[in-house]
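Q: The sequence and its predicted three-dimensional model are supplied below.
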Amino acid sequence: MPQQPVRIAPSILSADFAALGAEVAAVTAAGADWIHVDVMDNHFVPNLTIGPMVVKALRKHSPLPFDVHLMISPVDPLVPAFAEAGADIISFHPEAGPHVHRTIQLIRGLGKRPGLVLNPATPLALVEPVLGDIDLVLVMSVNPGFGGQAFIETQLAKIRALRAAIDALGKPIDLEVDGGVNAETARRCIAAGADALVAGTAVFAGGPDRYADNIRTLRA
Ligand code: DX5
Ligand code: ZN
């Protein structure tokens, strides 16, 4: 399906963890489209963050879709808990496998939208056999694990190639980019074909009074 108007998904990794409920409510009020939740296990990536109990607790602070990005291995044992907690989109990395198609079916079977995440060095070819089975592709424009990293330029070519593949398939698959997204890189991601942008640093900079302006700037 053709590129849709861009959706902004603030990554709460950059929020105040001592006030997560209020932060989620604040970006919701500020015009966010999705809430991006970065789940890290200190095994697949070198950081440890949020589990299903926190997702469940946050659920009552926003009616927006929760875009849950799993950076965990193995994936399958925790999928039901995140589905139950209130995730809407559940994305995972094919390297965290080993059975990518089975994990997609597991997520779909729980009534959630499956997404596949491509690391900077992961080729587009890895998603091609299952592109028709997923609802979202997430292109990592940094190495997963931390917010505040610099955008990796080479990923723009992958975004362009995915845009062409999705258009050729003609299915409503979201093309999301995650990492180092700011006003300037956002423009280039959208030009390359992205229609959903994750942003942590760029949304949460300056505190709650700035969130609406920050989100507007990314969309423009
Ligand atoms: C990185 C996470 C990103 C990160 C983005 O592993 O997947 O969602 O929080 O943060 P910024 O926007 O600061 O690059
Ligand atoms: Zn993420």
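A: Structure received. Note that the structure is a prediction, hence the values are computed from the model and not measured. Ligands and ions are numbered 1, 2, ... in the order given.
Q: all contacts plus neighbour counts: C-alpha atoms, from now on.
A: Fine.
Q: Quick one: neighbours of Leu106, just the number.
A: Counted with other C-alpha atoms under 10 Å, the neighbours of Leu106 add up to 16.
Q: now the one 10 residues further on
A: Counted by other C-alpha under 10 Å, the residues lying close to Leu116 total 23.
Q: Please apply the same query to Ile72.
A: Applying other C-alpha under 10 Å, we find 21 residues neighbouring Ile72.
Q: Same check on Gly206?
A: As a burial measure, Gly206 scores 11 neighbours (other C-alpha under 10 Å).
Q: ok but it is inside a strand, no?
A: No - applying DSSP: H, G, I helix; E, B strand; the rest coil, one finds Gly206 to be coil, outside a strand.
Q: Spell out which parts of this structure neighbour ligand 1.
A: Residues of the chain found near ligand 1 (C-alpha under 6 Å from any ligand atom) are 11, 13, 38, 144-149, 178-181, 199-201.
Q: again, only using 8 Å
A: Residues of the chain found near ligand 1 (C-alpha under 8 Å from any ligand atom) are 10-14, 36-38, 40, 69, 71, 140, 142-151, 178-182, 198-203.
Q: Which of these are buried? Put it as a ChimeraX command.
A: Remark: buried members of those, expressed as a ChimeraX selection using 16 or more other C-alpha atoms under 10 Å:
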select :10,11,12,13,14,36,37,38,40,69,71,140,142,143,144,145,146,147,151,178,179,180,181,182,198,199,200,201,202,203
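Q: Okay, and which of the residues of the chain next to ligand 1 map to helices?
A: Counting by DSSP state H, the residues of the chain next to ligand 1 place Thr201, Ala202, Val203 in helices.
Q: May I see those residues arranged in TSV, with pLDDT as well?
A: Formatted as TSV, these follow (pLDDT from 0 to 100):
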residue	pLDDT
Thr201	98
Ala202	98
Val203	99
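Q: So which of these is the closest to ligand 1?
A: Thr201 (3.8 Å; C-alpha to the nearest ligand atom).
Q: which residues sit in contact with that closest one?
A: Going by C-alpha atoms under 8 Å, 6 or more residues apart in numbering, Thr201 touches Ser14, Gly147, Gly148, Gly180.
Q: The last one - nearest residue in space that isn't next to it in sequence?
A: In other words, Gly180. Here the nearest residue to Gly180 in space, its sequence neighbours aside, is Phe151; by C-alpha to C-alpha, 6 or more residues apart in numbering that works out to 4.3 Å.
Q: Could you do the third one as well?
A: In this structure, Gly148 finds its nearest non-sequential neighbour in Thr201, 5.9 Å apart by C-alpha to C-alpha, 6+ apart.
Q: Which strands or helices does whichever helix or strand Leu106 is part of pack on?
A: Assigned by DSSP states H and E, Leu106 belongs to helix 100-109. Packed against helix 100-109 by the contact rule (3 or more C-alpha pairs under 8 Å, 6 or more residues apart in numbering; DSSP states H and E) you find helix 79-85, strand 113-118.
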